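1. quick one: sequence and predicted model below, then my questions.
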Amino acid sequence: MSRPSSSAQTTQVAPHRNPAIDLFRSGRSDSPSPTAFAKLPPEVIVKIFLHVEIRDILSIRQTCRHLLAQTKLHKVWIGIASKLRKEKGLVWPSWALPLTAIPASTLEDLVVRASRLSWMVNEHETETRKGFEGVIQRPWDSPVWLHLVRGRWLLLQLSDYTLELWDLDLTEYTYPVATYAGLEGFVNGVLLAERTNGVEITLSTTLFHAYKFAPDLPFRQEVRAVSPALTLIDSFHGYSSVKTRQGRLLAFAESAGDPLRACILDESTRYSVELAFGIHVFECQRTLDICTRDEVFFVARHRNLELYMSSDVKRALETGGTTACAISPFQTFSYPGDILHSPQFHITTPVYFDAPEGSVTMAHFFEDEWQAIVVSPQRPSSSPQHRDYKIEDVAAIGSGVGTIYGIRTGENGYRCTVLCDHRLTLHYGKPWDTIQCVPENGEGFPERGRDRTHTLVSWEMPDFGVDLPRPECVAIDEAVGICVAAMGSGRIWIGDAVPRVKPKPFDVVPLLGRTPHPDPLWPLLPPSYFWDTFYPGPLSESDPVGEVAPGWSTAVDHYWPWRNNPKAYGGILWFVEHFMGIPGPARSCLFSTKTLFNTPGVLPSLEEFVDVNGRIFRITTSVEWVDAYRLIDGTTIEDVIDCLKGNRPSRGTRYDQDWMSDYMPVYQHMNWYRIFRHLKS
């Protein structure tokens with residue numbers, strides 16, 4: 001956007017004379033009275049303002065008081081928003097559609113913010129800030145989940161299960177505007193549905209409860225006398241991890257107390273249908289996300305993508321009952337690797353992929369790389385079964401730096417926020433390209449480099465190395481440019497990439513001088529690590545406890561009592577569920593005793609065999625890396641012991657596959673342990 005030469009003049013948008021623009025000029029005796037512009041029909045004013053820069057419209061508002069009302073007309077901002085969305089492809093939130101239902105003040109705020117963010121992306125602007133634009137202070141170790149609603153309202157759950165609602169349009173955050181204390185379990189899914197009288201909020205929890213609220217929430221910058229309340233209007237039991245909606249159908253990743261049983265529920269009849277696994281699919285895969293597009297349910301598992309017909313779902317629900325039946329996918333295929341961290345379908349496919357109509361896009365993160373997977377139909381057909389969906393593209397569109405604690409991608413897939421140990425960042429997605437990099441000393445020829453981080457704004461974390469981010473406790477509204485992240489200290493940091501007014505200074509509560517808990521969902525903290533050579537009592541190398549084969553022992557509980565505790569942070573159940581993405585139960589059954597006799601100053605690796613739901617995995621854990629292998633189905637710990645004794649060498653050493661695992665939780669664990677160990681010493 002061009003900057004006008006004078007705040008009292010409007011940029012000429014056409015070579016010919018424009019009488020309406022001349023109204024803003026001074027020193028012309030033949031010009032109409034400035035008040036004449038205010039008397040023009042709204043339709044004419046809209047057409048004039050469509051040719052005026054946004055910066056000029058805001059300037060006119062300040063300098064021409066008789067035109068104040070015209071610059072705030074609803075039709076003016078509907079026209080401007082429609083034009084810029086079409087011509088410049090502004091990233092626009094789904095909650096702000098249709099435009100006719102959104103107040104003028106909200107449309108203005110969105111247009112200004114979306115335009116500024118678009119300019120920053122196009123100009124490759126990157127800004128590092130020493131602080132945040134706001135903070136909400138909650139009790140120590142209390143935040144566990146948060147989510148943004150309409151870019152203005154923050155839903156926050158605390159460790160005592162209390163649900164809070166905060167208004168981010170306020171200048172100070174002292175108390176929540178509403179609370180609800182009746183949740184059972186921690187929130188693990190949320191769906192928002194725009195209604196004429198507010199927002200319908202559906203929450204699911206880890207204890208298989210679902211709750212529905214319908215608070216009357218004003219839009220951003222909307223001034224309306226209302227007292228929002230979190231009043232429960234409906235609840236039901238048996239379903240967890242809600243993912244998407246199609247009409248009255250709700251999709252859940254877990255149901256009937258089974259973390260592997262994805263299903264579709266009819267809200268009206270409460271009938272459900274199970275989304276069964278496809279043929280030759282490893283059945284211990286979690287359902288990570290679900291979306292619906294063109295009468296197809298796309299189900300992302302840990303290793304496979306499955307496609308189900310909406311007609312099959314509806315037919316099964318019509319003929320079924322309260323006891324769910326199961327349907328099979330009409331197409332199943334594998335990814336080029338595992339889907340690991342924060343997978344998320346988008347409501348649209350970003351335009352830079354130039355994907356065919358009917359395509360779906362899913363973002364996920366592998367190590368520190370933000371990737372997008374585009375799935376497209378290969379043949380046009382009215383029947384989804386004949387479209388032959390395939391992976392069209394796998395593109396790296398951004399990356400993060402540091403130990404990553406949480407990532408959230410915007411609903412349209414254009415931007416994401418990354419919560420690291422030392423910063424919160426806002427990134428824009430775009431296939432990696434080559435840009436010109438000016439040498440740091442400013443001399444010589446520009447170099448060609450890879451622009452991979454795609455960072456717009458980076459906020460540095462206060463008290464880095466002491467305060468700990470909450471895992472997965474991060475939220476974003478990509479169109480508004482607001483990112484929110486929670487810390488173990490109870491601080492909720494609010495970052496505004498494009499604030500329209502200068503943020504008001506605020507005070508921060510000092511830390512308590514102790515390290516926050518890394519994850520309240522796993523309350524037991526281990527007293528040590530296996531590489532600390534911690535074990536009860538003296539140990540004779542010639543006679544280790546529980547030795548069943550040379551160099552191997554089953555006495556896991558003797559040497560590391562916390563390892564098999566289901567509530568232990570860093571225990572085997574935490575490891576299996578968060579690192580490998582497999583639900584428990586899990587138990588470490590056998591480990592290599594060489595870990596007990598490590599050379600002082602040398603940190604050994606731990607080799608162990610783990611039973612996960614009757615399947616055996618061999619896991620090697622070191623300080624910086626982990627390897628996991630799944631043994632062939634039917635292998636038992638007894639088979640492994642016989643193999644180690646040399647009796648049956650083939651049965652216990654055959655691996656089904658190398659298990660791709662998510663290193664992000666391990667990095668978080670290591671980061672916490674370094675702080676924990678330093679404080680102990």
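-> Nice, thanks for sending it over. All values derive from a computational prediction rather than experimental measurement.
2. and the contacts of stretch 90-108?
-> With contact meaning C-beta atoms under 8 Å, 6 or more residues apart in numbering, stretch 90-108 is reached by 72-74, 76-78, 80-82, 84-85, 110-111, 114-115, 117-118, 149-151, 192, 194, 196, 199, 219-223, 347, 410-412, 414-415, 477-480. The way it works is simple: take the backbone N, C-alpha and C, and place the C-beta from them, glycine included.
3. centroid-nearest residue for this protein?
-> By C-alpha atoms, centre = their mean, the chain has its centre lying nearest to Arg408, at 2.3 Å.
4. state whether it is indeed within a helix.
-> No: the assignment for Arg408, made by DSSP: H, G, I helix; E, B strand; the rest coil, is strand rather than a helix.
5. ok, the closest residue to Phe676 other than its chain neighbours - contacts?
-> Nearest residue to Phe676, sequence neighbours excluded (C-beta to C-beta, 6 or more residues apart in numbering): Thr515, at 6.4 Å. Contact analysis of Thr515 by C-beta under 8 Å, 6+ apart lists Val466, Leu468, Gly488, Trp672, Ile675, Phe676, Leu679.
6. before we move on, the earlier item: can you tell me the closest non-neighbouring residue to the residue nearest to the centre of the chain?
-> Arg408 sits nearest to Ile476 (C-beta to C-beta, 6+ apart), 4.8 Å away.
7. what do you get for Gly465?
-> Ile675 (6.8 Å).
8. how about the one you found, secondary structure?
-> Three-state call for Ile675 (three-state DSSP): helix.
9. how much space separates it from Val190?
-> Ile675 sits 31 Å away from Val190, taking C-beta to C-beta, to the nearest Å as the criterion.
10. what of Ala210?
-> Using C-beta to C-beta, Ala210 is found at 11 Å from Val190.
11. state the next helix or strand along the chain beyond the host helix or strand of Lys314.
-> Using DSSP states H and E, Lys314 sits within helix 310-319. Helices and strands here follow DSSP H and E; after helix 310-319, the next one along the chain is strand 325-327.
12. and the helix or strand following that following strand, what does it pack against?
-> The helix or strand immediately downstream of strand 325-327 is strand 331-334, counting by DSSP H and E. Applying 3 or more C-beta pairs under 8 Å, 6 or more residues apart in numbering; DSSP states H and E, one finds that strand 331-334 contacts strand 304-309, strand 389-399.
13. show me where the stretch 451-600 of the chain has helices.
-> 556-559, 572-574 (DSSP state H, counting those that start in this stretch).
14. comparing the ones you listed, which comes out most buried?
-> Ranked by mean neighbour count, the helices of the stretch 451-600 of the chain are led by helix 572-574 with a mean of 23 (mean count of other C-beta atoms under 10 Å).
15. what's in contact with that helix?
-> Residues contacting helix 572-574 (C-beta under 8 Å, 6+ apart): Trp522, Arg563, Asn564, Asn565, Pro566, Ala568, Gly584, Pro585, Ala586, Arg587, Ser588, Val610.
16. surely Val111 forms part of a strand?
-> No: counting by three-state DSSP, Val111 is not found in a strand; it is helix.
17. before we move on, back to that, pull out the buried positions in the helix holding Lys314.
-> For helix 310-319, burial by neighbour count (16 or more other C-beta atoms under 10 Å) applies to Ser310, Asp312, Val313, Lys314, Ala316, Leu317.
18. can you tell me the closest non-neighbouring residue to the first one?
-> With C-beta to C-beta, 6+ apart as the measure, Glu295 is the residue that lies nearest to Ser310, at 4.3 Å, once sequence neighbours are left out.
19. swap in the third one?
-> What sits nearest to Val313 in space, not counting adjacent residues and going by C-beta to C-beta, 6+ apart, is Ile264, at 5.0 Å.
20. partner strands of the helix or strand hosting the one you found and their direction?
-> Element membership of Ile264, judged by DSSP H and E, is strand 263-266. Using DSSP bridges, the strands paired with strand 263-266 are strand 249-255 (antiparallel), strand 272-275 (antiparallel).
21. what's the spacing between Phe353 and Met362?
-> Applying C-beta to C-beta to Phe353 and Met362 gives a distance of 12 Å.
22. list the residues that are in contact with both of the two.
-> In contact with both Phe353 and Met362: Ala372, using C-beta under 8 Å, 6+ apart.
23. so for His678, what's the pLDDT?
-> For His678, the pLDDT comes out at 57.
24. what does Ala20 give?
-> On the pLDDT scale, Ala20 gets 40.
25. with Pro380 instead?
-> At Pro380, the pLDDT value in this model is 83.
26. I'd say it and Asp294 touch.
-> No: Pro380 is beyond contact range of Asp294, at 11.1 Å (criterion: C-beta atoms under 8 Å).
27. these two: which is more packed in?
-> Asp294 (14 against 10; other C-beta atoms under 10 Å).
28. so the more buried one touches Ser381, yeah?
-> No: under the criterion of C-beta under 8 Å, Asp294 is not in contact with Ser381, lying 10.4 Å apart.
29. turn the strands paired with strand 263-266 into JSON lines, including mean pLDDT.
-> What follows is the strands paired with strand 263-266, written out as JSON lines (pLDDT from 0 to 100):
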{"stretch": "strand 249-255", "mean pLDDT": "94"}
{"stretch": "strand 272-275", "mean pLDDT": "92"}
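30. mind checking which of those is nearest Asp338?
-> The closest of those to Asp338 is strand 249-255. By C-beta to C-beta, the value is 16.8 Å.
31. for the closest residue to Arg491 other than its chain neighbours, give me its contacts.
-> In space, and not counting its chain neighbours, Arg491 is closest to Val135: 5.6 Å by C-beta to C-beta, 6+ apart. By C-beta under 8 Å, 6+ apart, the residues touching Val135 are Tyr173, Arg491, Ile492, Trp493, Ile494, Phe506, Val508.
32. same question, Glu607
-> Counting by C-beta under 8 Å, 6+ apart, Glu607 touches Phe591, Ser592, Thr595, Arg618, Ile619, Thr620.
33. top of those residues by number of neighbours, please.
-> Neighbour tally across the contacts of Glu607 (other C-beta under 10 Å): the maximum, 25 neighbours, falls on Phe591.
34. nearest spatial neighbour of it, skipping sequence neighbours?
-> With sequence-adjacent residues excluded and distances taken as C-beta to C-beta, 6+ apart, Phe591 is closest to Glu608, at 4.1 Å.
35. before we move on, which element is that neighbour in?
-> Element membership of Glu608, judged by DSSP H and E, is strand 606-612.
36. which neighbours does that strand have in its sheet, and in what orientation?
-> Sheet pairing for strand 606-612, assigned by DSSP bridges, gives strand 586-592 (antiparallel), strand 615-621 (antiparallel).
37. pipe these into CSV and attach distance to Ser553 per row.
-> Putting the strands paired with strand 606-612 into CSV (distance: least, C-beta to C-beta, whole Å) gives the following:
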stretch, distance to Ser553
strand 586-592, 6
strand 615-621, 15
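38. still on that earlier bit, surely the residue nearest to the centre of the chain and Ala475 touch.
-> Yes: shown here, Arg408 and Ala475 form a contact pair, counting by C-beta under 8 Å, at 5.8 Å.
39. what sits in contact with each of these two?
-> Going by C-beta under 8 Å, 6+ apart, residues that sit against Arg408 and also against Ala475 are Thr417.
40. next, give me the two most distant ones among the contacts of Thr515.
-> Gly488 and Leu679 (13.7 Å).
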